[in-house]
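Colleague: Provided below for reference: sequence and predicted model.
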Amino acid sequence: MTRHQFFARADTLHLAVPGGTIAYDLQGAGPLVLLVPGMGELRSSYRLLAPALVEAGYRVAMVDLRGHGDSSASFTSYGDVETASDIALLLRELAVPAVIVGNSMAAGAAVIAAAEQPALVTGLVLVGPFVRNPPSSGPLQRLLFRVLMARPWAAPVWNAYLPMLYAGRKPADFPEYRKAVLAALRRPGYTRAFSLTTRTDHGPAAESLPAVQAPTLVIMGEKDPDFKDPQAEARWITGALGGSMVMIPDAGHYPQSQQPEPTAAAVVGFLRTLGHHA
């Protein structure tokens, strides 16, 4: 399944990076916005947000994480640091700086990229962001999660867990999207890649926070089940980065597809504060 129904518009492009290839596509014209999904997700997680950004006058790149979607699963390591490296290489390939929209794990990767490659990052939009290891997550909880996400049952466990992450309103095409995610995970090599990705350490992202100079917007679903108190976590990240925050009602971990209209309004409003006008 190299191109499923959610990859509509342009042909998939591939960038060779150390250890494999990263898949992405480009739409529109204008200042560049790079959309990076979270672990277990496909780049089409942004299928409802990207058209609104293109219509608003932006060039939009959607990328698959290594070991996900149309990217290869041949890598030996996965996580925040590796994703940050892939982001930087892609932006160098496109030869322009960008605002990075990072969801979940990709938010931590975006923070690392902004800290290490400030010339490539003009702004950050962190959606349902993991930029530190969860304060309430102790060794026992991490071990249990690692066991649940081990290779033999990682795909069915993720399939069962995904609807919980979409707490609140679900997109109309969620059943079809969920099937596409599961089918992508079940391909040879991809379950292993996903299982390894779930072991990522967000410590490097937390250590990078003080070095980030890029303007930042934090977007959090009010019902995000990954955080004990989503608003408190959003407030902490906002304070750490000196940014602004928007809480999205009736949304869980994926506001970009659960509530695309208010999410798009928040992102476009932020882009315009940076002088990124169409």
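Modeller: Perfect, I can see it now.

Colleague: okay, buried residues for stretch 48-66 please.
Modeller: When neighbours are counted by 16 or more other CB atoms under 10 Å, the buried residues of stretch 48-66 are found to be 48-54, 56, 58-66. Where C-beta positions appear, they are placed from N, C-alpha and C, glycine not excepted.

Colleague: ditto for stretch 205-218
Modeller: Counting neighbours by 16+ other CB under 10 Å, one finds that the buried residues in stretch 205-218 are 205-206, 208-209, 212, 214-218.

Colleague: take these and keep only those in helices.
Modeller: If you go by DSSP state H, the buried residues of stretch 205-218 have 205-206, 208 in helices.

Colleague: TSV for those residues, including pLDDT?
Modeller: Written out in TSV, the entries for these read as follows (pLDDT from 0 to 100):
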residue	pLDDT
Ala205	98
Ala206	98
Ser208	98
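
Colleague: tell me where the stretch 101-250 of the chain has strands.
Modeller: 121-127, 216-221, 244-248 (DSSP state E, counting those that start in this stretch).

Colleague: dump those strands into CSV; add mean pLDDT and distance to Trp158 as well.
Modeller: Compiled in CSV, the strands of the stretch 101-250 of the chain are given as follows (pLDDT from 0 to 100; distance: least, CB to CB, whole Å):
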stretch, mean pLDDT, distance to Trp158
strand 121-127, 98, 19
strand 216-221, 98, 19
strand 244-248, 98, 23
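
Colleague: distance to Arg192 added to those, as a markdown table?
Modeller: Converted to a markdown table, those look like this (distance: least, CB to CB, whole Å):
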| stretch | distance to Arg192 |
| --- | --- |
| strand 121-127 | 27 |
| strand 216-221 | 30 |
| strand 244-248 | 33 |
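
Colleague: of all those, which one is nearest Asp229?
Modeller: Distances from Asp229 to each of these were compared using CB to CB; the minimum, 10.2 Å, belongs to strand 216-221.

Colleague: compute the inter-axis angle for the closest one and strand 244-248.
Modeller: Interaxial angle, strand 216-221 versus strand 244-248 (axes from the mean of the first three to the mean of the last three CA atoms, to 10 degrees): 20 degrees.

Colleague: what pairs with strand 216-221, parallel or antiparallel?
Modeller: With DSSP bridges as the test, strand 216-221 is paired with strand 121-127 (parallel), strand 244-248 (parallel).

Colleague: quick one: closest of those strands to Ile22.
Modeller: Comparison of the strands paired with strand 216-221 against Ile22 by CB to CB identifies strand 121-127 as nearest, at 17.2 Å.

Colleague: from the middle of its chain, how far away would the closest one be?
Modeller: Between the mean C-alpha point of strand 121-127 and the mean C-alpha point of its chain there is a distance of 11 Å (CA atoms, centre = their mean, to the nearest Å).

Colleague: so what touches that strand?
Modeller: Where contact means CB atoms under 8 Å, 6 or more residues apart in numbering, the residues beyond strand 121-127 that reach it are 31, 91, 97-104, 107, 110-111, 113-114, 212, 214-220, 237, 241, 243, 254-256, 263, 267, 270-271, 274, 276.

Colleague: give me that answer again for 6 Å
Modeller: 97, 99-103, 107, 110, 113-114, 214-219, 267, 274 (CB atoms under 6 Å, 6 or more residues apart in numbering).
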